[in-house]
Each structure stands twice: as C-alpha cells, then as structure tokens.
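J.: How does the following fold in three dimensions:
(one chain, ligands or ions: 1)
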Amino acid sequence: MDYISTRGRSAAASFSHIALDGLAPDAGLYVPREYPQVSAEELRRWRGLPYAALAFEILRKFAPELPAPALKTLLDDAYNAPVFGSDEVTPVHTLERGVHLLRLSHGPTLAFKDIAMQWLGRLFEHLLAPQDRELTILGATSGDTGSAAEHALRGRRGLRVFMLSPHGRMSPFQRAQMYSLHDANIVNLAVDGSFDDCQALVKTLSADLGFRQRMQLGAVNSINWARLAAQVVYYFKAWLAVTTGDSEPVSFAVPSGNFGNVCAGHVARCMGLPIHRLIVATNENDVLDEFFRTGRYRPRTTARETSSPSMDISRASNLERFVFDLVGRDAERLRALWARLASEGEIDLSREACWAEASRFGFVSGASTHADRLQTIRALWRRHGIEIDPHTADGVHVGLQHREPGVPLVCLETALPVKFEATMVEALGRPPMRPAGFDGLESLPQRFTRIANDAEALRRLMLDHTARG
Ligand SMILES: *Cc1c(COP(=O)(O)O)cnc(C)c1O
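T.: Just a heads-up that it's a prediction; the model follows:
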C-alpha cells in the first residue's frame, strides 16, 4: 500500500511518511494508490466488534507497515470509554424508524474532530520517538479543530503546536477550551482577521519549503490522510449498527465545510461499504451544494459568518480528492483543472465527460439557513427530546429532504450544543445542557498571544519561540 499525490508529481510514499508530512511536495493531496477493498465476508466478521478492534481491521489496510501490536495499542489507547464516554465510542441513537443520529461528539472537546485527532496525536508520538524527531504543527481553526488538536497533542513528546484562531470570532466555550490550556508545547495565537485569513497564513508559511523543512512542519487539518483514514471507521461502525443483512444500503447526511468528513464516507463507499447516498449538507456558505448540483466549483473570496461557524468555509480543500476520483484518477487532468481554478477562480466540471457519470459516486446535496437550523433544533427537541447543535441541525435538515423509503438515514452529529450556547438559546429559549466535567470552564485563566494578520511576523514568532526551546 503506497500513497500518491493527486497532482502526480511527488514520489509515492508510505503511510508513516505521509502521516507526518500532510501536503505532498507538489502541493497535491495524498491518496492511496488504490482503495483497499472490504468483502462481504469481512463485513460479516466485523459485526459486533468493539470500536477499537474495528478501527484496527480498517486502519491496518491503510497502514500495513505499522507493526500490528503497535497499531493495536495505539487504537486501544485512543478508543475507549474514559476518552469517549462509552465503549461504543460512536453510539447510534435512533430518532424514529429509519432515521438515526450517529453520535460523534463525546470525546474530550465535544466535537467529531476528537475521533481522528486522538489517534493522530498518539500516532505522531509513536512515529517520531524512534527517529528522535520533532514536529511542529501549524494549524488554523474556527473553533473545533484547534481545541481537538490541542487536547490530543498537549504534553506529547516531540510535538509543538502553533494554533491560529480568528480573534473574537469563536464562542466563549470554544475559546475557553483552547486558551485555558497551559502546556508548554501549545501556543495559541489570536489573529486580527477571519478564519480565512488564518488559513491563508498557514498556506503561505507551508508553501515556503525552506521554512517547512527548518520547522519540520506537519499538518493536523483534514488534508492529512491519517486523519481521514480514522474517520472512515465510523461509517463502517454506523452501517453495522443499523443493518442486519449483507448488502443493505444506508444513506449518510454529513454537515460539511472542508469536505473532510464526507470525503471519509466517500472512501468507505469506494472500499465497498454499501452506502446509498452521501448527502452533503452546507449552511449559507453553499460552495459544495452548488458544486454537486451544477458541476461548478466557485470558491468564494470570503466566507459568510453564520450560526454554524465550523462550516463557514469558502474553499473546500478535500474536494480535490473527490475530483481526482471523478476524473478517473488522471493527475494531468486534475492538475490542469486546478491550474484553471487558480487563474480563473472557478472550474465547471459539467463540461467534462466525467460529469455525466458523477452520480455513480452517490453524492447529493443541499443547503440550510439560520431559520432552518433553529426550526430543526426545535423540532428534534419537541419530537425526540434530544438537543442537537446547529451544525448537526444543518445535516438533519438536508438529510430529511433526501430521505428515501426503505433506506436507513444516518445523520452525523458533529458537535454538542454546549459549544454554541447563543444559537441554542435562540432556538430553545434556554441554555443547552452541559455535560459533566465542563462546569466553570469559561472562568479558568486563559493564555493566548494576539498577532497581526502578517505572515512575516508569524514566521519570526515561530522561529523565536522554537529557538527558546
Ligand atoms: C469541522 C466541522 C464541520 C465540517 O467538517 P468538514 O470535515 O470540514 O467537512 C462540521 N461541523 C462541525 C461541528 C465541525 O467542527
């Protein structure tokens, strides 16, 4: 099993190599040369496996060079009740006959990003230790990625985290989750700018190969394949939970921003999991909805601020992985398309021959508004007595519109409501429930450094900080 770049100009590499590297040197994204396949026989055998054991079966296909006992230890250590609240890790909650909620937000920071991040942190440490190497993580967050990454990497040997967040734009709860960490290897930087500005800073510094080498930069956003691979597991887990027979189709509704989560669903489907539809749900930032409806991909210059802020994304990095498959894994073609995207600001795949067959990948899409979000939160509370957060609500809203008779619909829960109190108060007239262990979080002392939206200043700060040890 080796990994190739979507742009076709990087050498093939092993899982251990690309896990530490993130982006390929030719600026493409790594994908496996071929998707490993899962047989009906295997699916049958996997029924009833605990989460960590299922993760082992799937991840060993993606990382065959990791010694099995080491992989098993990493996964047993990450996926258990103390870390994720239950042995199931990602329990399925049935709302009504044929409609289910896949609960992904019971990890340390109450968002689905914990699932991949808890494994990534342990994996990094495992890969770095024998090489006596250090890795610097430079990331950008609108809230959930940053806290999930910091909680997974805090205190880990050989790892240092610089996390950029847009100053004043996160919820008080999200801010406290990050800024209340005081570990020496965690550096919180509040940028005077938007999330897009933060992402642009990361891109600028990562594009500087000299700096990347000198700082040993790694990535924790969903361009990192190791993260995506870990997310594939819960699609299998959910499918096994809601089916009894061998090839029963199931549809998944996924609140989407950077196209990471739903891309993992695409990978699961390509591996042979009987997924009927992958329902891409966006908020008012509907770049992905437009793409799947029309074939036109038009990243916006800025994202609109909405009440599902973790989906306020104007450019969906992981879409490149899907388009690579769509064009028949033709790297030349992909590179030509991305060159046009860079020069013209948009591409129109409806003019390509491959678009006629796009439906075979099972994607459909829809967008949700603030009003839809509030209405869905209220409806689920009234009908099912369950509180869902604004992002999950976007997924449920769009998912129900695409519900088909006889096909179970699994809606992915991506965060818990307590992270987005203001919108929950607007929807329900009262603050959301707070899980045990999070009382008083917002009043803990906070530590962060405010910086200008300036790549040069950031570069100096990172070099200084690292020189000081
Ligand atoms: C990150 C995030 C999303 C978007 O997921 P992508 O993988 O970027 O598509 C949706 N909801 C929540 C709560 C998130 O944190």
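
J.: element containing the closest residue to Ala27 other than its chain neighbours?
T.: Distances taken as Cβ to Cβ, 6 or more residues apart in numbering place Arg7 nearest to Ala27, at 6.3 Å, with adjacent residues excluded. C-beta coordinates here come from the backbone N, C-alpha and C atoms, glycine included. Remark: Arg7 resides in no helix or strand, with elements defined by DSSP states H and E.

J.: what are the phi and psi values for Arg7?
T.: Taking degrees, to the nearest 10, you get phi -90, psi -10 for the backbone angles of Arg7.

J.: which residues does it contact?
T.: Contact partners of Arg7, counting by Cβ atoms under 8 Å, 6 or more residues apart in numbering, are Ala24, Asp26, Ala27, Gly28, Ala331, Leu334, Arg335, Trp338.

J.: redo that, cut-off 6 Å
T.: Counting by Cβ atoms under 6 Å, 6 or more residues apart in numbering, Arg7 touches Asp26, Gly28, Ala331, Arg335.

J.: now the helix or strand containing Val83, how far from the centre of its chain.
T.: Assigned by DSSP H and E, Val83 falls within helix 81-84. Averaging C-alpha positions (Cα atoms, centre = their mean, to the nearest Å) puts helix 81-84 20 Å from its chain's average.

J.: For that helix, buried residues please.
T.: Val83, Phe84 (16 or more other Cβ atoms under 10 Å).

J.: Show me what the mean pLDDT comes to for it.
T.: In this model, helix 81-84 carries a mean pLDDT of 97.

J.: change the start of the numbering to 109 and stick with it
T.: Will do, 109 is the new start, and the previous item becomes helix 189-192.

J.: I'd like to know which elements that helix is packed against.
T.: Packing partners of helix 189-192 (3 or more Cβ pairs under 6 Å, 6 or more residues apart in numbering; DSSP states H and E): none among the helices and strands.

J.: Give me the contact list for it.
T.: Residues contacting helix 189-192 (Cβ under 6 Å, 6+ apart): Asp195, His214, Gly215, Gln226.

J.: Send me the helix or strand immediately after that helix in the chain as PDB with only the CA atoms.
T.: Using DSSP H and E, the helix or strand that follows helix 189-192 towards the C-terminus is strand 200-204. The C-alpha coordinates for strand 200-204 follow below in PDB (Å, rounded to 0.1, in the frame of the first residue of the first chain):
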ATOM      1  CA  VAL A 200     -26.100   5.300  17.100                       C
ATOM      2  CA  HIS A 201     -29.200   6.900  18.600                       C
ATOM      3  CA  THR A 202     -32.500   6.100  16.700                       C
ATOM      4  CA  LEU A 203     -34.800   9.100  16.300                       C
ATOM      5  CA  GLU A 204     -37.600   7.200  14.600                       C
END
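
J.: quick revisit: ChimeraX command to pick out the buried ones of the contacts of Arg115?
T.: Buried members of the contacts of Arg115, defined by 16+ other Cβ under 10 Å, are picked up in ChimeraX with:
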select :136,439,443
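
J.: any chance you could map the helices in the stretch 109-258 of the chain?
T.: 123-129, 148-154, 159-170, 176-186, 189-192, 221-236, 252-261 (DSSP state H, counting those that start in this stretch).

J.: measure the closest residue to Leu131 other than its chain neighbours to Arg423 for me?
T.: Once flanking residues are discounted, Leu131 sits nearest to Ile331: 5.8 Å by Cβ to Cβ, 6+ apart. Distance, Ile331 to Arg423, by Cβ to Cβ, to the nearest Å: 12 Å.

J.: Return the residues of the stretch 259-408 of the chain in contact with the ligand.
T.: Residues of the stretch 259-408 of the chain lying near the ligand by Cβ under 6 Å from any ligand atom: Ser330, Pro363, Ser364, Gly365, Asn366, Phe367, Gly368, Asn369.

J.: same check, this time on the stretch 459-577 of the chain
T.: Contact residues (Cβ under 6 Å from any ligand atom) of the stretch 459-577 of the chain with the ligand: His499, Thr522, Ala523.

J.: Relative to Thr557, which of these is nearest.
T.: Distance to Thr557, by Cβ to Cβ, is smallest for Ala523 among those, at 26.1 Å.

J.: tally of neighbours for the closest one?
T.: 26 (other Cβ atoms under 10 Å).

J.: Please go through the chain and pick out the longest helix.
T.: Assignment by DSSP state H gives helix 333-350 as the longest helix of the chain.

J.: Packing partners of that helix?
T.: The elements that helix 333-350 packs onto, with contact taken as 3+ Cβ pairs under 6 Å, 6+ apart, are helix 159-170, helix 221-236, helix 368-378.

J.: ok and the longest one relative to helix 368-378, angle-wise?
T.: Same thing as helix 221-236. 80 degrees (axes from the mean of the first three to the mean of the last three Cα atoms, to 10 degrees).

J.: ok, how many other residues are close to Ala563?
T.: Ala563: 17 neighbours (other Cβ under 10 Å).

J.: Leaving out the residues flanking it, which one is nearest to it?
T.: Nearest one to Ala563, counting by Cβ to Cβ, 6+ apart, is Thr312 at 4.4 Å.

J.: Count the neighbours of that neighbour for me.
T.: Thr312 is flanked by 14 other residues according to other Cβ under 10 Å.

J.: Would you mind measuring from it to Ser422?
T.: Taking Cβ to Cβ, one finds Thr312 at 17 Å from Ser422.

J.: what about the residue in the stretch 109-258 of the chain that the ligand sits nearest to, neighbour count?
T.: Closest to the ligand within the stretch 109-258 of the chain is Asp252: 3.2 Å, counting by Cβ to the nearest ligand atom. By other Cβ under 10 Å, the residues close to Asp252 number 26.

J.: Which residue comes closest to it once chain neighbours are left out?
T.: Going by Cβ to Cβ, 6+ apart, Asp252 has Ala219 as its nearest residue, at 4.0 Å.

J.: beta partners of the one you found?
T.: Ala523 (DSSP bridges).

J.: Kindly report the same for Gly474.
T.: Beta-bridge pairing for Gly474 (DSSP bridges): Ala389.

J.: re earlier: could you list the alpha-carbon positions for the longest helix of the chain in PDB?
T.: Provided in PDB are the C-alpha atoms of helix 333-350 (Å, rounded to 0.1, in the frame of the first residue of the first chain):
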ATOM      1  CA  TRP A 333      -4.700  11.400   5.200                       C
ATOM      2  CA  ALA A 334      -4.200   9.800   8.500                       C
ATOM      3  CA  ARG A 335      -7.000  11.900   9.900                       C
ATOM      4  CA  LEU A 336      -9.300  11.000   7.100                       C
ATOM      5  CA  ALA A 337      -8.500   7.300   7.400                       C
ATOM      6  CA  ALA A 338      -9.600   7.300  11.100                       C
ATOM      7  CA  GLN A 339     -12.900   8.900  10.100                       C
ATOM      8  CA  VAL A 340     -13.600   6.100   7.700                       C
ATOM      9  CA  VAL A 341     -14.100   3.800  10.700                       C
ATOM     10  CA  TYR A 342     -17.300   5.300  12.000                       C
ATOM     11  CA  TYR A 343     -19.100   4.900   8.700                       C
ATOM     12  CA  PHE A 344     -18.400   1.200   9.000                       C
ATOM     13  CA  LYS A 345     -19.400   1.200  12.600                       C
ATOM     14  CA  ALA A 346     -22.700   3.000  11.900                       C
ATOM     15  CA  TRP A 347     -23.500   0.800   8.900                       C
ATOM     16  CA  LEU A 348     -23.000  -2.300  11.000                       C
ATOM     17  CA  ALA A 349     -25.200  -0.800  13.800                       C
ATOM     18  CA  VAL A 350     -28.300  -0.100  11.600                       C
END
